[in-house]
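> Test case, fold it:
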Amino acid sequence: MARAAPWAGCSIRSASSKSTRKRALVDGVVDVDYSEERSYIYTEPAQLAAARKALGDAKLRIVDVYLGMRAKQTVAPEGSELQAALAFLDVLEESEDVQRVFSNLDVSDAALEALT
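Numbering: from 1, shown residues only. From the prediction side, this is the model:
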């Protein structure tokens with residue numbers, strides 16, 4: 001069984017990778033996942049308010065803030081297993097009753113390209 005830990009997060013509009021990471025490493029921030037469109041900032045739930053204020057003070061545009069679970073272990077399925085997992089996640093995301101979907105999938109670009 002995969003383990004998960006509670007976490008709080010913010011997503012911010014990204015500038016450059018180096019600039020975003022440097023400005024996002026404020027007190028309370030545990031990790032930063034950078035992407036070109038949006039970066040994700042992870043913090044302990046008790047530190048969320050302080051980290052959110054510090055990110056705002058650092059002039060980072062916060063898009064949303066949420067509490068969730070973060071996988072401690074990831075899996076990297078390929079082929080039909082990956083196709084089934086992605087189909088399942090799509091069904092969850094389409095449901096009106098589901099607000100946010102979290103996953104422990106670690107999908108490489110090569111694995112995605114192999115599906116097409």
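> Once you drop chain neighbours, what's closest to the residue most central in space within the chain?
Nearest residue to the geometric centre of the chain (CA atoms, centre = their mean): Tyr40, 5.3 Å. Spatially, and ignoring its direct neighbours in sequence, Tyr40 is nearest to Asp33 (4.4 Å; CB to CB, 6 or more residues apart in numbering). In this view, the C-beta of every residue, glycine as well, is placed from N, C-alpha and C.
> What are the boundaries of the helices in this protein?
17-24, 48-57, 79-94, 109-115 (DSSP state H).
> Quick check: which of the ones you listed is nearest to Gln73?
helix 79-94 (14.9 Å; CB to CB).
> And that closest one, what's buried?
Leu82, Ala85, Leu86 (16 or more other CB atoms under 10 Å).
> got the domain boundaries for the protein?
4-71, 79-115 (automatic domain parsing).
> Show me what the residue nearest to the centre of the chain is bridged to.
With DSSP bridges applied, Tyr40 shows beta-bridge pairing to Ser11, Asp33.
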